[in-house]
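Undergrad: Any chance you can model this:
(one chain, ligands or ions: 1)
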Amino acid sequence: MENNVFDPQNQETDLSSKIVAGLERISEAFKVLLWEKATALGISPIQIQILIFIAYHKPALCNVSHLAKEFNVSKPTISDAIRSLDKKGFIEKDHSSSDNRSYTIKLSDSGVNIVSNTENFAYPLKKQLSSIHPSDLETLFKALSTFIYQLNRHGILTVQRTCYACKFYNNNLNSHYCNLLEKELLNSEIRIDCHEFEDKIN
Ligand code: SF4
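TA: Residues are numbered from 1 along each chain as shown. Model prediction:
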């Protein structure tokens, strides 16, 4: 049966099911770590995610429409979170774009402060990776980046900014090349959240 990925008996003979079950455990770890941080600071998990995202992404991506796609939630959910962050003084709205119905979200000084207090929420996960051999880490990253690309191409992950989906990416005889950076990329140099990414489909 194809659908019984969570049946431990099926997992005994099906590696893909075991991997999916493992990814589900990891997503639980993310939720727990984010909740712990959110509870300590009195803001919601999605608000933390929005603040961290804004801190590290270009203004063109910091608007309600894109954030809704990025976090797979509705625009009203993002608007509510933005309203609350605005009230708490963590963000500022920039209405200077040509479309006066939309605005770009920027961090205020206290927003920058709270990001530096929250962005380490995933550090316990990174720390555990330090005990894995570098060559295994590279293999894991290669499989993970390919998996993310496939999920996006099948409409399961709405947003991703990996080399494999980028119009500047070339694969020649199994070696990776970025036409923008004009350099070959090692497997470990494939990006999964590139500032220069442009979707090859558009
Ligand atoms: S621009 Fe960025 S995402 Fe695109 S191929 Fe180059 S490094 Fe990869």
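
Undergrad: all contacts plus neighbour counts: C-alpha atoms, from now on.
TA: Fine.

Undergrad: Skipping its backbone neighbours, what lies nearest L157 in space?
TA: L151 (5.4 Å; Cα to Cα, 6 or more residues apart in numbering).

Undergrad: residues contacting H195?
TA: Counting by Cα atoms under 8 Å, 6 or more residues apart in numbering, H195 touches 57-58.

Undergrad: The host helix or strand of N171 pairs with which strands, and in what direction?
TA: Per DSSP states H and E: N171 is located in strand 169-172. Strand 169-172 has these partner strands in its sheet, going by DSSP bridges: strand 175-178 (antiparallel).

Undergrad: just how off-centre is the partner strand within its chain?
TA: Relative to its parent chain, strand 175-178 has a centroid offset of 23 Å by Cα atoms, centre = their mean, to the nearest Å.

Undergrad: Next, the buried residues of it.
TA: By 16 or more other Cα atoms under 10 Å, the buried positions in strand 175-178 come out as 176-178.

Undergrad: Which single one of those is nearest to the ligand?
TA: The nearest member of those to the ligand, counting by Cα to the nearest ligand atom, is C178 at 4.3 Å.

Undergrad: Tell me how many other residues crowd the residue lying closest to the closest one once chain neighbours are set aside.
TA: Excluding its sequence neighbours, the residue lying closest to C178 (Cα to Cα, 6+ apart) is Y169, at 4.9 Å. Using other Cα atoms under 10 Å, Y169 has 23 other residues around it.

Undergrad: cool, E12 as well?
TA: Residues near E12, counting by other Cα under 10 Å: 10.

Undergrad: for the closest residue to it other than its chain neighbours, what are its contacts?
TA: With sequence-adjacent residues excluded and distances taken as Cα to Cα, 6+ apart, E12 is closest to K18, at 7.8 Å. Contacts for K18 (Cα under 8 Å, 6+ apart) come out as 5, 11-12.

Undergrad: Just put these in TSV and tack on secondary structure and distance to I46.
TA: Output for these, formatted as TSV (DSSP: H, G, I helix; E, B strand; the rest coil; distance: Cα to Cα, whole Å):
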residue	secondary structure	distance to I46
V5	coil	28
Q11	helix	32
E12	coil	36
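
Undergrad: so can I have CSV of the residues you listed showing pLDDT and distance to P124?
TA: Listed next are the contacts of K18 as CSV, based on pLDDT from 0 to 100; distance: Cα to Cα, whole Å:
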residue, pLDDT, distance to P124
V5, 90, 27
Q11, 89, 27
E12, 89, 29
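
Undergrad: can you give me the helices for this protein?
TA: Taking DSSP state H as the test, the helices found in the chain are 8-11, 15-41, 45-56, 64-70, 75-87, 109-118, 123-129, 134-153.

Undergrad: residue of this protein with the smallest distance to the ligand?
TA: C163 (3.5 Å).

Undergrad: from memory that residue sits against N179, does it?
TA: No. If you go by Cα atoms under 8 Å, C163 and N179 don't touch, sitting 10.7 Å apart.

Undergrad: Between those two, which contacts overlap?
TA: In contact with both C163 and N179: Y169, using Cα under 8 Å, 6+ apart.
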